[in-house]
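A.B. asks: turn this into a model:
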Amino acid sequence: MGQLELMPREVILRRDSSISYDPRGKGCSPNAELCLTNEALLVGIKGMFGGIKKTLRFPLSGIVVDNGVPRVCEGRSRDGSRQLHVFFSHGVESFALGEADVEGGDLKSALKSVLTSQSEKEQQNIAQWCQAITMAVRGARSAVCPVAPPPPVASMRVEPAASPIRPAVAPVAKGDCCDEEGGSETLAYQVGSLIATASKGIVGAAAFASERAASAASERSKPAEHVNVTDRCIGCGAPLAGFKGQRIVCRYCDTDQTID
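C.D. replies: Numbering: from 1, shown residues only. Got it, this is the predicted structure:
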């Protein structure tokens, strides 16, 4: 097997040593080699004695991609034989593939190869090449346009949100709600508790006002306190003793009078 001209960082992904190259459907070069690398699709044109005399390079970046899928598929030549078609921006490159290169293998693989027809082998080989080229093109595109990594966690600072002011709500006793879906019952219970608390306050205030009014009326209904005073009789001038406003009869002259 001859040597292909590879770039410094180029790696071989798949290789078939015996293919027929049909450049743009113009006629086959029956003695060629096909090689897939991480950067290009290489075609080695062999000389008369089997060595590679010329290497054709088709970069993977030139393959047509539709909706993220490279255009590579099984096709047919002018005579109807099965081919691998790869669509480049400059046109279609066609390759007639035979059986895939097999290195080593066990008795089971050898027996399976014997029982498989040549047509099935060609079809399987083309399907494997389509898959390999698709994966290589996607890998090359990812290497050219890498996805930017997310910023480090340490540089992302999230300020805590201000705690909302919640209205005071009467606590709900455990077991007052029937289940997790009883949110409306819990709200109704809390509203009822607020109303009951407000009602108690109103009733208490009314009772207090009524008690104060009753106390004031009771104070007004008490008789005036007696104030002890001394005076003189308007008739004889004798000294009199009693309380203010009291009517009294002088014991000396029997004069009826009110103590001022």
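
A.B. asks: which ones are touching residue 13?
C.D. replies: 36-38, 132, 136 (Cβ atoms under 8 Å, 6 or more residues apart in numbering). In short, each C-beta sits where N, CA and C put it, glycine included.

A.B. asks: and with 10 Å instead?
C.D. replies: Residues near residue 13 by Cβ atoms under 10 Å, 6 or more residues apart in numbering: 35-39, 132-133, 135-136, 139.

A.B. asks: got those as CSV, with secondary structure, distance to residue 232 and pLDDT columns?
C.D. replies: As requested, these are exported to CSV (DSSP: H, G, I helix; E, B strand; the rest coil; distance: Cβ to Cβ, whole Å; pLDDT from 0 to 100):
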residue, secondary structure, distance to residue 232, pLDDT
35, strand, 151, 93
36, strand, 146, 95
37, strand, 145, 94
38, coil, 140, 93
39, coil, 142, 93
132, helix, 143, 95
133, helix, 143, 95
135, helix, 137, 94
136, helix, 140, 94
139, helix, 135, 87
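
A.B. asks: what is the nearest of the residues you listed to residue 91?
C.D. replies: residue 133 (16.3 Å; Cβ to Cβ).

A.B. asks: so what's the closest one closest to, chain neighbours aside?
C.D. replies: residue 72 (4.9 Å; Cβ to Cβ, 6 or more residues apart in numbering).

A.B. asks: on that earlier part again, let's have the contacts of residue 13 in JSON lines, adding distance to residue 84 and neighbour count.
C.D. replies: What follows is the contacts of residue 13, written out as JSON lines (distance: Cβ to Cβ, whole Å; neighbours: other Cβ atoms under 10 Å):
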{"residue": "35", "distance to residue 84": "13", "neighbour count": "21"}
{"residue": "36", "distance to residue 84": "11", "neighbour count": "20"}
{"residue": "37", "distance to residue 84": "16", "neighbour count": "21"}
{"residue": "38", "distance to residue 84": "19", "neighbour count": "15"}
{"residue": "39", "distance to residue 84": "19", "neighbour count": "19"}
{"residue": "132", "distance to residue 84": "11", "neighbour count": "14"}
{"residue": "133", "distance to residue 84": "9", "neighbour count": "21"}
{"residue": "135", "distance to residue 84": "15", "neighbour count": "14"}
{"residue": "136", "distance to residue 84": "14", "neighbour count": "21"}
{"residue": "139", "distance to residue 84": "19", "neighbour count": "13"}
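
A.B. asks: give the helix, strand or coil label for residue 234.
C.D. replies: When classified by DSSP: H, G, I helix; E, B strand; the rest coil, residue 234 comes out as coil.

A.B. asks: ok, now which ones touch the residue lying closest to it once chain neighbours are set aside?
C.D. replies: Among residues not flanking residue 234 along the chain, residue 257 sits closest, at 5.3 Å (Cβ to Cβ, 6+ apart). Contacts of residue 257 were listed using Cβ under 10 Å, 6+ apart, and they are 231-235, 240, 246-250.

A.B. asks: hmm, which two among those residues are most spread apart?
C.D. replies: 235 and 246 (16.6 Å).

A.B. asks: those two: who's more crowded?
C.D. replies: Between residue 235 and residue 246, residue 246 has the larger neighbour count (other Cβ atoms under 10 Å), namely 16 against 13.

A.B. asks: test my guess that that one contacts residue 258.
C.D. replies: Yes: Residue 246 lies in contact with residue 258 (Cβ atoms under 10 Å); the separation is 7.0 Å.

A.B. asks: identify the contacts common to these two.
C.D. replies: When contacts are counted by Cβ under 10 Å, 6+ apart, residue 246 and residue 258 have residue 231 as shared neighbours.

A.B. asks: residue ranges with poor pLDDT in the stretch 1-150 of the chain?
C.D. replies: 1-2, 24-29, 101-113, 144-150 (pLDDT under 70).

A.B. asks: mind listing the strands for it?
C.D. replies: Assigned by DSSP state E, counting those that start in this stretch, the strands in the stretch 1-150 of the chain fall at 12-22, 29-37, 40-46, 52-59, 65-66, 69-70, 72-76, 82-88, 91-97.
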